[in-house]
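Participant: fold the following and give me the result.
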Amino acid sequence: MLRILTTLAAIGAVSTPALADDHADYGINVGFSPFGGSVGLIYNPSASTSVNVAFGGAPASDAPFKLDIDGTEYTQNGGSSWMGFFVNHRPFEDSQWFRINTGIGIGGIEGTLTNDAGDEYAVEYNENPVGYLGVGFGNGTAEGLTFGFDIGGLFGSGPEITVVEGDGADLEDIQDNAFFGNVLPNLQLTVGYNF
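Facilitator: Model (predicted):
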């Protein structure tokens, strides 16, 4: 894990020039995360601060993934639709490749869990707004092409999980699983252009 973070920091340092008086006023980026693709519109009021309004989502997946909960295997499927308002701050003048990212997200994630016995549960994250806090590497404010990697979490009250089919015998196990907790982890890769 340390190697991965070191590599990402190095990529961010190479792709983001050192702090200068000049910075691009605007930017646009495309991101990819577990919550789908996104497009971000960026305003850079200074070389150390960026404001980003992003719109994103993903349709219900045709390639669901498997999840094991207390020995029962479930197929998970779902989609999302969201928008967010984020502020990125670069606290170190000599390290413009490092950012602290905070903001709010509004939208929803809706999905299903199904096991081989035919039991089905609906999983819905519809609390609004939710808070976001994370760190980022890359995506500076200098003109030109930018690359970035973010890691953080969405903080809310967790999902509402209901029984769609079956007797609901596993409902409590699913609700107690850390995968469906109050913090949703986020990893995001972005490519952008500042102008």
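Participant: all strands of this structure, in order?
Facilitator: Along the chain, counting by DSSP state E, strands occupy 26-33, 36-43, 49-58, 65-69, 72-89, 98-115, 120-125, 130-138, 144-155, 160-165, 183-194.
Participant: to residue 176, which of the ones you listed lies closest?
Facilitator: Closest to residue 176 of the strands of the chain, according to C-beta to C-beta: strand 65-69, at 9.0 Å. C-beta: built from backbone N, CA, C; applies to glycine.
Participant: buried stuff in the closest one?
Facilitator: By 16 or more other C-beta atoms under 10 Å, the buried positions in strand 65-69 come out as 67, 69.
Participant: likewise for stretch 34-45?
Facilitator: For stretch 34-45, the neighbour count (16+ other C-beta under 10 Å) marks 35, 36, 38, 40, 42, 44 as buried.
Participant: before we move on, what about stretch 46-61?
Facilitator: For stretch 46-61, the neighbour count (16+ other C-beta under 10 Å) marks 47, 48, 50, 52, 54, 56, 57, 58 as buried.
Participant: ok, which pair from those is furthest apart?
Facilitator: 47 and 58, at 33.2 Å, using C-beta to C-beta across the buried residues of stretch 46-61.
Participant: low-confidence stretches in this structure?
Facilitator: 1-21, 62-64 (pLDDT under 70).
Participant: go again using 50 as the cut-off
Facilitator: Confidence mapping of the chain against pLDDT under 50 gives the ranges 5, 12-20.
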